[in-house]
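Participant: Predicted model follows, preceded by the sequence.
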Amino acid sequence: DQQVKQNSPSLSVQEGRISILNCDYTNSMFDYFLWYKKYPAEGPTFLISISSIKDKNEDGRFTVFLNKSAKHLSLHIVPSQPGDSAVYFCAASVGGTYKYIFGTGTRLKVLA
Amino acid sequence: DGGITQSPKYLFRKEGQNVTLSCEQNLNHDAMYWYRQDPGQGLRLIYYSQIVNDFQKGDIAEGYSVSREKKESFPLTVTSAQKNPTAFYLCASSILRQPQHFGDGTRLSIL
C-alpha cells in the first residue's frame, strides 16, 4: 500500500521555465511534508518542508503548495536551472512520530 | 563539521555471508534510520530507532538486523536470509519534526 505517490517518473523542462513536481498521499493523518533532492550515488538533501497548518511555503526558487482536501502537494521550481537536474522525493510523516514515508521519486531533467 | 558517515561506500558479499554496514552521526540526533533504494522504488524503510537500545521494524525488515547501543551509531547487518540484498543503502538521522539528514550511502553487491 503506497501511502505517498509520485505518479510521474520523469519530467523534462527547458532552462528558465517552471518545473512542477507532484505528490499525492492517502493517509489523512500526515501533517508534515518534505521534499528532497537526490543526485546519483549520493544521499538525498533536504529542500523544503510544509506543515499541514499552511498551504504554501517558499524558499528562494522553491515553493511547496499543499492542498489538504485533495491530499496533494506540489513543488514549483522557478526558474529551473540545469543544476536542478536530479531525482526529487516527497516524504510525509504523522505528527509526534519519527517515521517518514517516501514517494518513489521523479527524475527532473532541465535542458539548457 | 556535523554529519552522517556511512562506510564503506562499496561493499561486496558472497552468497550466504552476513555483512554489516556502518552508520555514524555527530549531529546529536535522537533518531536514526536505514533505507534501501532500488531502481524505480524510491526509499523503503528497513529499520528505525528513536532512542538508544530501542528500534522498530520498517516496511522491509525481513533479512536485516540492527543495534543501537550508542546514540551516535546504528549499524545494519544484512543477513544471509535477505534473498535480494543488492541495493543502495542509505542511513539517516533526525530530531522530531525536523528533516532527516542522510549519509552518502553504501552500495552492496553480491559476488
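Facilitator: Now that the structure is in, tell me what you want to look at. Residues are numbered from 1 along each chain as shown, chains lettered A, B, ... in the order given.

Participant: in the sheet, who's paired with A:Met75?
Facilitator: Check again: residue A:75 is Leu, not Met. A:Leu21, A:Val64 (DSSP bridges).

Participant: Just list whatever residues bridge to whichever residue of chain B sits closest to chain A.
Facilitator: Chain B approaches chain A most closely through B:Phe102 (3.1 Å), counting by C-beta to the nearest C-beta. All C-beta spots, glycine's among them, are computed from the backbone N, C-alpha and C. Listed beta-bridge partners, B:Phe102: B:Ala92 (assigned using DSSP bridges).

Participant: burial count for it?
Facilitator: 24 (other C-beta atoms under 10 Å in any protein chain shown).

Participant: shouldn't it be in contact with A:Gly43?
Facilitator: Yes. Assessed by C-beta atoms under 8 Å, B:Phe102 is found in contact with A:Gly43 at 3.1 Å.

Participant: Mutual contacts of the two, please.
Facilitator: Common contacts of B:Phe102 and A:Gly43, defined by C-beta atoms under 8 Å, 6 or more residues apart in numbering or on different chains, comprise B:Ile4, B:Leu90, B:Ala92.

Participant: Can you lay out those residues as a markdown table showing distance to A:Leu66 and pLDDT?
Facilitator: Supplementary listing: these in a markdown table, determined by distance: C-beta to C-beta, whole Å; pLDDT from 0 to 100:
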| residue | distance to A:Leu66 | pLDDT |
| --- | --- | --- |
| B:Ile4 | 28 | 96 |
| B:Leu90 | 25 | 96 |
| B:Ala92 | 23 | 96 |
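
Participant: what about burial for those residues, which qualify?
Facilitator: B:Ile4, B:Leu90, B:Ala92 (16 or more other C-beta atoms under 10 Å in any protein chain shown).

Participant: for the residues you listed, which one is nearest A:Thr97?
Facilitator: B:Ala92 (14.8 Å; C-beta to C-beta).

Participant: Could you double-check that B:Gly16 sits in contact with B:Gln82?
Facilitator: No. Using C-beta under 8 Å, B:Gly16 is not in contact with B:Gln82, being 11.1 Å away.

Participant: neighbour count winner among these two?
Facilitator: Taking neighbours as other C-beta under 10 Å, B:Gly16 and B:Gln82 compare with B:Gln82 leading, 22 against 8.

Participant: how about the more buried one, what does it touch?
Facilitator: B:Glu62, B:Gly63, B:Tyr64.

Participant: Most neighbours among those, which one?
Facilitator: Highest count within the contacts of B:Gln82 by other C-beta under 10 Å belongs to B:Tyr64, 21 neighbours.

Participant: And it, how far from B:Asp30?
Facilitator: 21 Å (C-beta to C-beta, to the nearest Å).

Participant: just A:Val4 next, same as before
Facilitator: 23 Å.

Participant: neighbour-wise, which of those two wins?
Facilitator: In terms of neighbours (other C-beta under 10 Å), A:Val4 is the more surrounded of A:Val4 and B:Asp30; the figures are 23 against 15.

Participant: Who does that one form a beta bridge with?
Facilitator: A:Tyr25.
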